[in-house]
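Colleague: coords below, sequence missing:
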(Lines give C-alpha, C1' and ligand atoms only; values in the text may rest on other atoms or scores of the structure.)
Protein backbone atom coordinates (compact mmCIF):
# COMPACT_ATOMS: atom_id res chain seq x y z
CA UNK A 1 0.00 0.00 0.00
CA UNK A 2 2.96 2.37 0.49
CA UNK A 3 3.42 2.74 -3.27
CA UNK A 4 -0.20 3.74 -3.82
CA UNK A 5 -1.05 7.42 -3.41
CA UNK A 6 -3.00 7.94 -0.21
CA UNK A 7 -5.55 10.10 -2.05
CA UNK A 8 -6.46 7.21 -4.37
CA UNK A 9 -6.83 4.84 -1.44
CA UNK A 10 -9.13 7.23 0.43
CA UNK A 11 -11.20 7.95 -2.69
CA UNK A 12 -11.69 4.26 -3.40
CA UNK A 13 -12.62 3.62 0.21
CA UNK A 14 -15.23 6.38 0.04
CA UNK A 15 -16.58 5.07 -3.27
CA UNK A 16 -16.80 1.51 -1.90
CA UNK A 17 -18.78 2.61 1.14
CA UNK A 18 -21.02 5.22 -0.51
CA UNK A 19 -22.15 2.89 -3.32
CA UNK A 20 -23.16 0.28 -0.76
CA UNK A 21 -25.27 2.72 1.21
CA UNK A 22 -27.84 2.75 -1.60
CA UNK A 23 -31.19 1.73 -0.09
CA UNK A 24 -29.44 0.48 3.01
CA UNK A 25 -32.54 1.32 5.06
CA UNK A 26 -34.90 -0.66 2.80
CA UNK A 27 -37.12 -3.35 4.38
CA UNK A 28 -35.66 -6.81 4.45
CA UNK A 29 -37.76 -8.07 1.56
CA UNK A 30 -35.48 -7.71 -1.44
CA UNK A 31 -33.61 -10.36 -3.47
CA UNK A 32 -32.69 -13.50 -1.53
CA UNK A 33 -34.58 -12.09 1.44
CA UNK A 34 -35.33 -15.61 2.69
CA UNK A 35 -31.65 -16.25 3.39
CA UNK A 36 -31.13 -12.76 4.73
CA UNK A 37 -34.15 -13.15 7.01
CA UNK A 38 -32.79 -16.36 8.50
CA UNK A 39 -29.46 -14.64 9.17
CA UNK A 40 -31.07 -11.54 10.66
CA UNK A 41 -33.44 -13.62 12.80
CA UNK A 42 -30.48 -15.08 14.69
CA UNK A 43 -29.23 -11.57 15.45
CA UNK A 44 -32.74 -10.54 16.53
CA UNK A 45 -32.89 -13.51 18.89
CA UNK A 46 -29.58 -12.41 20.42
CA UNK A 47 -30.84 -8.84 20.76
CA UNK A 48 -33.94 -10.05 22.61
CA UNK A 49 -32.62 -13.01 24.63
CA UNK A 50 -28.98 -12.09 25.14
CA UNK A 51 -25.94 -13.01 23.06
CA UNK A 52 -25.13 -16.71 23.35
CA UNK A 53 -23.04 -17.64 20.34
CA UNK A 54 -23.29 -21.35 21.14
CA UNK A 55 -27.08 -21.41 20.98
CA UNK A 56 -28.27 -19.47 17.92
CA UNK A 57 -32.02 -19.44 17.31
CA UNK A 58 -34.24 -18.07 14.58
CA UNK A 59 -37.95 -17.73 13.87
CA UNK A 60 -38.59 -20.90 11.85
CA UNK A 61 -39.97 -23.74 13.99
CA UNK A 62 -40.85 -25.95 11.02
CA UNK A 63 -39.14 -29.03 9.63
CA UNK A 64 -38.50 -27.42 6.23
CA UNK A 65 -34.77 -26.78 6.72
CA UNK A 66 -33.67 -29.97 8.46
CA UNK A 67 -36.52 -32.40 7.92
CA UNK A 68 -37.13 -32.42 11.69
CA UNK A 69 -39.54 -30.33 13.74
CA UNK A 70 -37.60 -27.55 15.43
CA UNK A 71 -39.70 -26.35 18.41
CA UNK A 72 -36.79 -24.39 19.94
CA UNK A 73 -35.92 -22.68 16.66
CA UNK A 74 -32.27 -23.74 16.64
CA UNK A 75 -30.19 -22.42 13.74
CA UNK A 76 -27.06 -24.55 13.71
CA UNK A 77 -25.25 -23.66 10.51
CA UNK A 78 -22.31 -21.23 10.35
CA UNK A 79 -20.80 -19.95 13.59
CA UNK A 80 -22.89 -16.80 14.28
CA UNK A 81 -20.06 -14.31 14.84
CA UNK A 82 -21.54 -11.96 12.25
CA UNK A 83 -24.95 -11.96 13.95
CA UNK A 84 -23.41 -11.68 17.40
CA UNK A 85 -21.53 -8.51 16.43
CA UNK A 86 -24.69 -7.06 14.90
CA UNK A 87 -26.72 -7.79 18.02
CA UNK A 88 -24.03 -6.31 20.26
CA UNK A 89 -24.00 -3.08 18.23
CA UNK A 90 -27.80 -2.91 18.26
CA UNK A 91 -28.00 -3.44 22.02
CA UNK A 92 -25.37 -0.72 22.49
CA UNK A 93 -26.87 1.75 19.99
CA UNK A 94 -30.57 0.87 19.55
CA UNK A 95 -31.32 4.13 17.72
CA UNK A 96 -30.01 2.37 14.60
CA UNK A 97 -32.09 -0.63 13.51
CA UNK A 98 -30.73 -4.16 13.77
CA UNK A 99 -31.00 -4.64 10.01
CA UNK A 100 -29.05 -1.44 9.45
CA UNK A 101 -26.26 -2.58 11.77
CA UNK A 102 -26.00 -5.93 10.01
CA UNK A 103 -25.80 -4.23 6.64
CA UNK A 104 -23.18 -1.80 7.90
CA UNK A 105 -21.05 -4.73 9.10
CA UNK A 106 -21.23 -6.15 5.58
CA UNK A 107 -20.34 -2.76 4.09
CA UNK A 108 -17.36 -2.52 6.45
CA UNK A 109 -16.24 -6.03 5.47
CA UNK A 110 -16.53 -5.12 1.79
CA UNK A 111 -14.45 -1.97 2.34
CA UNK A 112 -11.86 -3.99 4.23
CA UNK A 113 -11.73 -6.59 1.46
CA UNK A 114 -11.20 -3.86 -1.12
CA UNK A 115 -8.26 -2.47 0.87
CA UNK A 116 -6.75 -5.92 1.35
CA UNK A 117 -7.05 -6.71 -2.35
CA UNK A 118 -5.33 -3.45 -3.24
CA UNK A 119 -2.57 -4.10 -0.73
CA UNK A 120 -2.03 -7.72 -1.74
CA UNK A 121 -2.08 -7.16 -5.50
CA UNK A 122 0.06 -3.99 -5.26
CA UNK A 123 2.69 -5.89 -3.29
CA UNK A 124 2.89 -8.99 -5.48
CA UNK A 125 2.10 -7.46 -8.89
CA UNK A 126 2.16 -3.67 -9.37
CA UNK A 127 0.52 -0.58 -7.83
CA UNK A 128 -1.54 0.02 -10.96
CA UNK A 129 -2.95 -3.51 -10.99
CA UNK A 130 -3.62 -3.18 -7.27
CA UNK A 131 -5.48 0.08 -7.79
CA UNK A 132 -7.52 -1.38 -10.63
CA UNK A 133 -8.36 -4.44 -8.54
CA UNK A 134 -9.69 -2.24 -5.76
CA UNK A 135 -11.64 -0.13 -8.25
CA UNK A 136 -13.25 -3.15 -9.88
CA UNK A 137 -14.25 -4.65 -6.55
CA UNK A 138 -15.66 -1.28 -5.49
CA UNK A 139 -17.86 -0.63 -8.52
CA UNK A 140 -19.02 -3.99 -9.86
CA UNK A 141 -22.84 -3.89 -9.43
CA UNK A 142 -22.93 -7.50 -8.20
CA UNK A 143 -20.27 -6.64 -5.61
CA UNK A 144 -22.17 -3.50 -4.59
CA UNK A 145 -25.45 -5.29 -3.95
CA UNK A 146 -23.98 -8.22 -2.05
CA UNK A 147 -21.62 -5.87 -0.25
CA UNK A 148 -24.62 -4.55 1.74
CA UNK A 149 -26.82 -7.61 2.24
CA UNK A 150 -27.45 -9.42 5.51
CA UNK A 151 -25.40 -12.48 4.67
CA UNK A 152 -22.20 -13.88 6.22
CA UNK A 153 -20.39 -14.42 2.91
CA UNK A 154 -18.83 -10.96 2.50
CA UNK A 155 -17.77 -11.00 6.14
CA UNK A 156 -16.11 -14.40 5.62
CA UNK A 157 -14.37 -13.24 2.42
CA UNK A 158 -12.79 -10.38 4.37
CA UNK A 159 -11.25 -12.79 6.89
CA UNK A 160 -10.04 -15.12 4.14
CA UNK A 161 -8.39 -12.25 2.28
CA UNK A 162 -6.83 -11.02 5.53
CA UNK A 163 -5.33 -14.47 6.01
CA UNK A 164 -3.89 -14.41 2.47
CA UNK A 165 -2.54 -10.91 2.88
CA UNK A 166 -0.82 -11.67 6.18
CA UNK A 167 0.71 -14.85 4.82
CA UNK A 168 2.02 -12.98 1.77
CA UNK A 169 3.99 -10.59 3.97
CA UNK A 170 7.68 -11.15 4.58
CA UNK A 171 10.66 -11.71 2.35
CA UNK A 172 11.60 -14.95 0.70
CA UNK A 173 13.92 -17.06 2.80
CA UNK A 174 13.00 -15.47 6.14
CA UNK A 175 12.71 -18.19 8.77
CA UNK A 176 10.95 -16.21 11.48
CA UNK A 177 7.58 -14.51 11.52
CA UNK A 178 5.57 -16.89 13.67
CA UNK A 179 3.42 -14.00 14.83
CA UNK A 180 2.32 -13.28 11.27
CA UNK A 181 1.73 -16.97 10.54
CA UNK A 182 -0.43 -17.42 13.63
CA UNK A 183 -2.33 -14.21 12.90
CA UNK A 184 -2.95 -15.46 9.36
CA UNK A 185 -4.14 -18.81 10.70
CA UNK A 186 -6.51 -17.12 13.15
CA UNK A 187 -7.96 -15.05 10.33
CA UNK A 188 -8.37 -18.23 8.26
CA UNK A 189 -10.04 -19.99 11.17
CA UNK A 190 -12.49 -17.10 11.52
CA UNK A 191 -13.28 -17.26 7.80
CA UNK A 192 -14.01 -20.98 8.01
CA UNK A 193 -16.22 -20.54 11.07
CA UNK A 194 -18.20 -17.70 9.54
CA UNK A 195 -18.63 -19.51 6.21
CA UNK A 196 -16.73 -22.76 5.54
CA UNK A 197 -16.89 -22.23 1.77
CA UNK A 198 -14.49 -19.29 2.22
CA UNK A 199 -11.83 -21.96 2.67
CA UNK A 200 -11.54 -22.24 -1.12
CA UNK A 201 -9.95 -18.78 -1.08
CA UNK A 202 -7.18 -20.18 1.12
CA UNK A 203 -5.88 -22.60 -1.50
CA UNK A 204 -2.78 -20.39 -2.18
CA UNK A 205 -1.64 -20.58 1.47
CA UNK A 206 0.72 -23.57 1.03
CA UNK A 207 2.22 -21.91 -2.05
CA UNK A 208 2.83 -18.66 -0.13
CA UNK A 209 4.54 -20.60 2.64
CA UNK A 210 6.77 -22.56 0.27
CA UNK A 211 7.61 -19.44 -1.72
CA UNK A 212 8.60 -17.65 1.46
CA UNK A 213 10.50 -20.39 3.29
CA UNK A 214 11.40 -22.76 0.48
CA UNK A 215 10.46 -26.41 0.11
CA UNK A 216 11.72 -27.47 3.53
CA UNK A 217 10.76 -29.15 6.77
CA UNK A 218 10.25 -25.72 8.29
CA UNK A 219 7.64 -24.92 5.63
CA UNK A 220 5.76 -28.13 6.39
CA UNK A 221 5.82 -27.34 10.11
CA UNK A 222 4.42 -23.87 9.41
CA UNK A 223 1.73 -25.35 7.17
CA UNK A 224 0.81 -27.95 9.79
CA UNK A 225 0.44 -25.26 12.45
CA UNK A 226 -1.61 -23.11 10.10
CA UNK A 227 -3.97 -25.97 9.23
CA UNK A 228 -4.26 -27.00 12.87
CA UNK A 229 -5.27 -23.52 13.98
CA UNK A 230 -7.66 -23.18 11.02
CA UNK A 231 -9.41 -26.51 11.22
CA UNK A 232 -9.70 -27.20 14.95
CA UNK A 233 -12.29 -24.46 15.63
CA UNK A 234 -14.37 -25.56 12.64
CA UNK A 235 -14.19 -29.20 13.74
CA UNK A 236 -15.20 -28.20 17.27
CA UNK A 237 -18.16 -26.19 15.97
CA UNK A 238 -19.40 -29.01 13.74
CA UNK A 239 -19.12 -31.42 16.67
CA UNK A 240 -20.99 -29.00 18.92
CA UNK A 241 -23.94 -28.43 16.58
CA UNK A 242 -24.35 -32.17 16.02
CA UNK A 243 -26.21 -32.14 19.36
CA UNK A 244 -28.99 -30.16 17.65
CA UNK A 245 -29.83 -32.07 14.45
CA UNK A 246 -33.19 -30.33 14.14
CA UNK A 247 -31.33 -27.05 13.68
CA UNK A 248 -28.89 -28.26 11.01
CA UNK A 249 -30.17 -27.38 7.56
CA UNK A 250 -29.87 -30.10 4.94
CA UNK A 251 -26.79 -29.44 2.86
CA UNK A 252 -26.07 -32.59 0.85
CA UNK A 253 -28.12 -31.24 -2.04
CA UNK A 254 -25.70 -28.32 -2.39
CA UNK A 255 -23.06 -30.64 -3.79
CA UNK A 256 -24.66 -32.26 -6.82
CA UNK A 257 -28.46 -32.29 -6.61
CA UNK A 258 -29.94 -33.52 -9.86
CA UNK A 259 -26.50 -34.74 -10.91
CA UNK A 260 -25.92 -31.31 -12.47
CA UNK A 261 -22.15 -31.10 -11.99
CA UNK A 262 -20.25 -30.49 -15.24
CA UNK A 263 -23.43 -30.92 -17.27
CA UNK A 264 -24.48 -28.43 -19.93
CA UNK A 265 -26.87 -26.67 -17.54
CA UNK A 266 -24.05 -26.26 -15.00
CA UNK A 267 -21.81 -24.58 -17.56
CA UNK A 268 -24.61 -22.35 -18.84
CA UNK A 269 -25.79 -21.22 -15.42
CA UNK A 270 -22.39 -20.55 -13.90
CA UNK A 271 -20.25 -19.35 -16.81
CA UNK A 272 -22.86 -17.76 -19.07
CA UNK A 273 -25.64 -16.45 -16.83
CA UNK A 274 -23.75 -15.79 -13.60
CA UNK A 275 -20.18 -14.94 -14.57
CA UNK A 276 -20.84 -13.69 -18.09
CA UNK A 277 -24.15 -11.87 -17.68
CA UNK A 278 -24.74 -11.07 -14.00
CA UNK A 279 -21.21 -10.29 -12.77
CA UNK A 280 -19.36 -9.23 -15.92
CA UNK A 281 -22.24 -7.79 -17.95
CA UNK A 282 -21.07 -9.65 -21.07
CA UNK A 283 -18.46 -7.06 -22.08
CA UNK A 284 -16.39 -7.60 -18.95
CA UNK A 285 -15.43 -10.96 -20.43
CA UNK A 286 -12.99 -9.12 -22.71
CA UNK A 287 -10.64 -7.77 -20.00
CA UNK A 288 -11.34 -10.80 -17.80
CA UNK A 289 -10.27 -13.22 -20.54
CA UNK A 290 -7.27 -11.07 -21.31
CA UNK A 291 -6.31 -11.10 -17.64
CA UNK A 292 -6.41 -14.89 -17.61
CA UNK A 293 -3.81 -15.18 -20.37
CA UNK A 294 -1.47 -12.38 -19.30
CA UNK A 295 1.77 -14.07 -18.17
CA UNK A 296 2.37 -14.09 -14.42
CA UNK A 297 5.28 -12.00 -13.27
CA UNK A 298 6.11 -11.23 -9.65
CA UNK A 299 2.92 -12.89 -8.41
CA UNK A 300 4.02 -16.32 -9.57
CA UNK A 301 1.29 -18.90 -9.08
CA UNK A 302 -0.65 -16.90 -6.48
CA UNK A 303 -3.46 -15.66 -8.73
CA UNK A 304 -3.65 -18.91 -10.65
CA UNK A 305 -4.18 -20.81 -7.41
CA UNK A 306 -6.78 -18.30 -6.28
CA UNK A 307 -8.60 -18.85 -9.57
CA UNK A 308 -8.22 -22.61 -9.20
CA UNK A 309 -9.77 -22.39 -5.76
CA UNK A 310 -12.77 -20.60 -7.25
CA UNK A 311 -13.11 -23.21 -9.99
CA UNK A 312 -12.89 -26.11 -7.51
CA UNK A 313 -15.54 -24.36 -5.41
CA UNK A 314 -17.91 -24.23 -8.39
CA UNK A 315 -17.32 -27.92 -9.06
CA UNK A 316 -17.69 -29.10 -5.46
CA UNK A 317 -20.79 -27.04 -4.64
CA UNK A 318 -22.25 -27.47 -8.10
CA UNK A 319 -25.95 -27.45 -7.20
CA UNK A 320 -25.64 -24.71 -4.58
CA UNK A 321 -23.92 -22.38 -7.03
CA UNK A 322 -26.53 -23.05 -9.70
CA UNK A 323 -29.43 -22.59 -7.29
CA UNK A 324 -28.26 -19.41 -5.54
CA UNK A 325 -26.41 -16.52 -7.16
CA UNK A 326 -25.15 -15.23 -3.79
CA UNK A 327 -22.86 -18.25 -3.66
CA UNK A 328 -20.63 -16.50 -6.18
CA UNK A 329 -19.68 -13.83 -3.63
CA UNK A 330 -16.70 -16.08 -2.90
CA UNK A 331 -15.45 -15.51 -6.46
CA UNK A 332 -15.32 -11.71 -6.30
CA UNK A 333 -11.63 -11.40 -5.26
CA UNK A 334 -10.53 -13.65 -8.13
CA UNK A 335 -12.82 -11.93 -10.65
CA UNK A 336 -11.60 -8.49 -9.56
CA UNK A 337 -7.94 -9.46 -9.88
CA UNK A 338 -8.23 -10.93 -13.37
CA UNK A 339 -10.36 -8.05 -14.59
CA UNK A 340 -7.70 -5.66 -13.27
CA UNK A 341 -4.90 -7.62 -14.96
CA UNK A 342 -6.74 -7.44 -18.27
CA UNK A 343 -7.43 -3.73 -17.90
CA UNK A 344 -3.80 -3.13 -17.03
CA UNK A 345 -2.77 -4.94 -20.21
CA UNK A 346 -5.02 -2.69 -22.28
CA UNK A 347 -3.51 0.36 -20.59
CA UNK A 348 0.16 -0.57 -20.74
CA UNK A 349 0.66 -2.95 -23.68
CA UNK A 350 2.29 -0.87 -26.41
CA UNK A 351 2.17 -3.65 -28.99
CA UNK A 352 -1.23 -2.28 -29.97
CA UNK A 353 -2.00 1.29 -30.91
CA UNK A 354 -3.15 3.60 -28.17
CA UNK A 355 -6.57 4.69 -29.42
CA UNK A 356 -8.03 1.22 -30.19
CA UNK A 357 -6.94 -0.31 -26.88
CA UNK A 358 -8.17 2.66 -24.82
CA UNK A 359 -11.43 2.65 -26.77
CA UNK A 360 -11.83 -1.07 -26.08
CA UNK A 361 -11.04 -0.54 -22.40
CA UNK A 362 -13.60 2.25 -22.03
CA UNK A 363 -16.30 0.45 -24.03
CA UNK A 364 -15.90 -2.89 -22.28
CA UNK A 365 -15.85 -1.26 -18.84
CA UNK A 366 -18.86 0.98 -19.40
CA UNK A 367 -20.94 -1.74 -21.04
CA UNK A 368 -19.95 -4.21 -18.33
CA UNK A 369 -21.20 -1.89 -15.60
CA UNK A 370 -24.34 -0.92 -17.51
CA UNK A 371 -25.47 -4.42 -18.46
CA UNK A 372 -24.63 -5.90 -15.06
CA UNK A 373 -26.51 -3.08 -13.33
CA UNK A 374 -29.53 -3.67 -15.58
CA UNK A 375 -29.96 -7.04 -13.85
CA UNK A 376 -28.69 -6.18 -10.39
CA UNK A 377 -30.96 -3.12 -10.03
CA UNK A 378 -33.93 -5.49 -9.80
CA UNK A 379 -32.38 -7.09 -6.71
CA UNK A 380 -33.24 -3.98 -4.69
CA UNK A 381 -36.91 -4.12 -5.57
CA UNK A 382 -39.51 -4.97 -2.92
CA UNK A 383 -41.85 -7.07 -5.04
CA UNK A 384 -44.26 -7.96 -2.22
CA UNK A 385 -44.57 -4.82 -0.04
CA UNK A 386 -47.75 -6.25 1.49
CA UNK A 387 -45.75 -8.72 3.57
CA UNK A 388 -43.94 -5.78 5.19
CA UNK A 389 -47.19 -3.93 5.96
CA UNK A 390 -48.83 -7.11 7.24
CA UNK A 391 -45.85 -7.90 9.42
CA UNK A 392 -45.99 -4.45 10.99
CA UNK A 393 -49.72 -4.88 11.68
CA UNK A 394 -49.17 -8.30 13.24
CA UNK A 395 -46.32 -6.99 15.37
CA UNK A 396 -48.53 -4.17 16.70
CA UNK A 397 -51.49 -6.45 17.40
CA UNK A 398 -50.10 -9.76 18.64
CA UNK A 399 -48.55 -10.56 22.03
CA UNK A 400 -44.76 -10.96 22.14
CA UNK A 401 -44.95 -14.67 22.87
CA UNK A 402 -47.35 -15.41 20.01
CA UNK A 403 -46.40 -18.17 17.63
CA UNK A 404 -47.68 -17.51 14.15
CA UNK A 405 -48.35 -19.39 10.99
CA UNK A 406 -47.29 -17.04 8.19
CA UNK A 407 -47.66 -19.03 4.95
CA UNK A 408 -45.36 -17.80 2.20
CA UNK A 409 -44.45 -21.00 0.34
CA UNK A 410 -41.88 -21.90 2.99
CA UNK A 411 -40.07 -18.54 2.58
CA UNK A 412 -39.29 -17.15 6.04
CA UNK A 413 -39.26 -13.51 4.89
CA UNK A 414 -42.93 -12.99 5.79
CA UNK A 415 -42.46 -14.73 9.14
CA UNK A 416 -39.50 -12.45 9.85
CA UNK A 417 -41.66 -9.37 9.22
CA UNK A 418 -44.04 -10.43 12.03
CA UNK A 419 -41.12 -10.52 14.50
CA UNK A 420 -42.53 -13.78 15.88
CA UNK A 421 -41.49 -17.41 15.82
CA UNK A 422 -43.61 -19.85 13.91
CA UNK A 423 -44.10 -21.59 10.60
CA UNK A 424 -43.60 -20.17 7.08
CA UNK A 425 -45.98 -22.70 5.55
CA UNK A 426 -49.64 -23.55 6.09
CA UNK A 427 -51.28 -26.99 5.95
CA UNK A 428 -51.63 -29.35 8.95
CA UNK A 429 -53.02 -26.44 10.96
CA UNK A 430 -54.29 -28.67 13.76
CA UNK A 431 -50.82 -30.17 14.18
CA UNK A 432 -49.28 -26.70 14.35
CA UNK A 433 -51.86 -25.61 16.91
CA UNK A 434 -50.90 -28.64 18.99
CA UNK A 435 -47.27 -27.49 18.68
CA UNK A 436 -48.17 -24.05 20.04
CA UNK A 437 -49.37 -21.98 17.08
CA UNK A 438 -51.57 -19.13 18.33
CA UNK A 439 -52.26 -17.00 15.25
CA UNK A 440 -52.60 -17.28 11.50
CA UNK A 441 -51.33 -14.33 9.46
CA UNK A 442 -51.84 -14.26 5.70
CA UNK A 443 -51.56 -11.96 2.71
CA UNK A 444 -54.23 -14.06 0.96
CA UNK A 445 -57.22 -12.80 2.95
CA UNK A 446 -60.10 -13.61 0.61
CA UNK A 447 -62.33 -16.65 0.47
CA UNK A 448 -60.54 -17.62 -2.74
CA UNK A 449 -57.84 -19.00 -0.46
CA UNK A 450 -59.34 -22.21 0.91
CA UNK A 451 -57.20 -22.30 4.05
CA UNK A 452 -58.06 -18.71 5.00
CA UNK A 453 -61.77 -19.31 4.35
CA UNK A 454 -61.82 -22.47 6.46
CA UNK A 455 -59.93 -20.93 9.38
CA UNK A 456 -62.06 -17.76 9.31
CA UNK A 457 -65.13 -19.95 9.73
CA UNK A 458 -63.66 -21.86 12.68
CA UNK A 459 -61.69 -19.21 14.62
CA UNK A 460 -61.97 -15.58 15.65
CA UNK A 461 -60.86 -13.14 12.97
CA UNK A 462 -58.96 -10.22 14.50
CA UNK A 463 -58.42 -8.29 11.26
CA UNK A 464 -59.45 -8.98 7.69
CA UNK A 465 -59.18 -6.50 4.85
CA UNK A 466 -58.18 -6.44 1.21
CA UNK A 467 -54.48 -6.87 2.07
CA UNK A 468 -54.22 -9.32 4.93
CA UNK A 469 -56.01 -11.33 7.58
CA UNK A 470 -54.99 -12.14 11.15
CA UNK A 471 -56.86 -14.99 12.81
CA UNK A 472 -56.66 -15.97 16.50
CA UNK A 473 -56.27 -19.75 16.63
CA UNK A 474 -56.74 -19.82 20.41
CA UNK A 475 -60.35 -18.64 20.15
CA UNK A 476 -62.56 -21.06 18.22
CA UNK A 477 -66.00 -19.86 17.23
CA UNK A 478 -69.04 -21.40 18.78
CA UNK A 479 -70.41 -24.26 16.62
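Modeller: Yep, it's here. Treat the numbers as computed from the prediction; the structure is a model and nothing was measured.
Colleague: okay, and for the stretch 151-300 of the chain, where does confidence drop off?
Modeller: 170-176 (pLDDT under 70).
Colleague: What segments of it are helices?
Modeller: Under the criterion DSSP state H, counting those that start in this stretch, the stretch 151-300 of the chain contains helices at 153-168, 178-194, 205-213, 217-241, 253-256, 264-267, 285-293.
Colleague: Check this protein for its longest strand and report it.
Modeller: strand 469-476 (DSSP state E).
Colleague: who does that strand pair up with?
Modeller: strand 439-442 (antiparallel), strand 459-464 (antiparallel) (DSSP bridges).
Colleague: Residues contacting the shortest one, please?
Modeller: Read that as strand 439-442. 390-391, 394, 398, 402-407, 414, 418, 420, 426, 429, 449, 451-452, 455, 459, 462, 468-474 (C-beta atoms under 8 Å, 6 or more residues apart in numbering). Using the backbone N, CA and C atoms, a C-beta is placed for each residue, glycine as well.
Colleague: Helices of the stretch 1-150 of the chain, start to end?
Modeller: With DSSP H, counting those that start in this stretch as the criterion, the stretch 1-150 of the chain has helices spanning 6-20, 33-49, 81-92, 98-124, 127-139, 141-146.
Colleague: can those go into TSV with extra columns for distance to residue 154, mean pLDDT and mean neighbour count?
Modeller: As requested, the helices of the stretch 1-150 of the chain are exported to TSV (distance: least, C-beta to C-beta, whole Å; pLDDT from 0 to 100; neighbours: other C-beta atoms under 10 Å):
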stretch	distance to residue 154	mean pLDDT	mean neighbour count
helix 6-20	10	95	16
helix 33-49	12	97	22
helix 81-92	9	98	20
helix 98-124	5	97	23
helix 127-139	11	96	24
helix 141-146	6	98	25
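Colleague: Tell me which of those helices lies nearest to residue 256.
Modeller: helix 33-49 (20.5 Å; C-beta to C-beta).
Colleague: got the angle for that closest one vs helix 153-168?
Modeller: Angle, helix 33-49 to helix 153-168, by axes from the mean of the first three to the mean of the last three C-alpha atoms, to 10 degrees: 90 degrees.
Colleague: domain assignment for the protein?
Modeller: 6-379, 385-476 (automatic domain parsing).
Colleague: can you give me the end-to-end distance of the shortest one?
Modeller: The first residue of domain 385-476 is 30 Å away from its last residue (C-alpha to C-alpha, to the nearest Å).
Colleague: from the middle of its chain, how far away would it be?
Modeller: 29 Å (C-alpha atoms, centre = their mean, to the nearest Å).
Colleague: The longest one too?
Modeller: Centre-to-centre, domain 6-379 and its host chain are 7 Å apart (C-alpha atoms, centre = their mean).
Colleague: So that it lines up with my notes, have the first residue be 787 from now on.
Modeller: Done: numbering now begins at 787, and the last item shifts to domain 792-1165.
Colleague: Contacts for the longest strand of the chain, please.
Modeller: Contacts for strand 1255-1262 (C-beta under 8 Å, 6+ apart): 1179-1180, 1183-1184, 1191, 1215, 1219, 1223-1228, 1230-1231, 1238, 1241-1242, 1244-1250.
Colleague: Report the mean confidence score over that strand.
Modeller: Computed over strand 1255-1262, the mean pLDDT rounds to 96.
Colleague: What residues of that strand count as buried?
Modeller: 1255, 1256, 1257, 1258, 1259 (16 or more other C-beta atoms under 10 Å).
Colleague: And for stretch 991-1010?
Modeller: 991, 992, 993, 994, 995, 996, 997, 998, 999, 1005, 1008, 1009.
Colleague: how far away is the fifth one from residue 1088?
Modeller: Residue 995 sits 12 Å away from residue 1088, going by C-beta to C-beta, to the nearest Å.
Colleague: Next up, the contacts around residue 920.
Modeller: 795, 798, 802, 900, 901, 903, 904, 1122.
Colleague: Next up, the contacts around the fourth one.
Modeller: Taking C-beta under 8 Å, 6+ apart, we find residue 900 in contact with 798, 799, 802, 920, 923, 924.
Colleague: Excluding chain neighbours, what is closest to the most centrally placed residue in the chain?
Modeller: The structure's the chain has its C-alpha centroid closest to residue 939; by C-alpha atoms, centre = their mean the separation is 3.1 Å. Using C-beta to C-beta, 6 or more residues apart in numbering and skipping residues adjacent in sequence, the residue nearest residue 939 is residue 1115, 4.1 Å away.
Colleague: was I right about residue 1070 contacting residue 1150?
Modeller: Yes. Contact criterion C-beta atoms under 8 Å: residue 1070 and residue 1150 qualify, at 6.5 Å.
Colleague: Now do residue 1051 against residue 1104, distance only.
Modeller: For residue 1051, the distance to residue 1104 - C-beta to C-beta - is 10 Å.
Colleague: So which of the two has more stuff around it?
Modeller: Neighbours were counted for residue 1051 and for residue 1104 using other C-beta atoms under 10 Å; residue 1104 has more, 24 against 12.
Colleague: any idea how far that one is from residue 864?
Modeller: From residue 1104 over to residue 864 (counting by C-beta to C-beta), the distance is 20 Å.
Colleague: cool, residue 1120 as well?
Modeller: 21 Å.
Colleague: between the two, who's got more neighbours?
Modeller: residue 864 (25 against 21).
Colleague: Distance check, the more buried one against residue 1034.
Modeller: 11 Å.
Colleague: residues bridging contact with those two, i.e. touching both?
Modeller: Joint contacts of residue 864 and residue 1034 (C-beta under 8 Å, 6+ apart) do not exist.
Colleague: coming back round to it: nearest to residue 894 among the buried residues of strand 1255-1262?
Modeller: Using C-beta to C-beta, these come closest to residue 894 at residue 1256, 38.1 Å.
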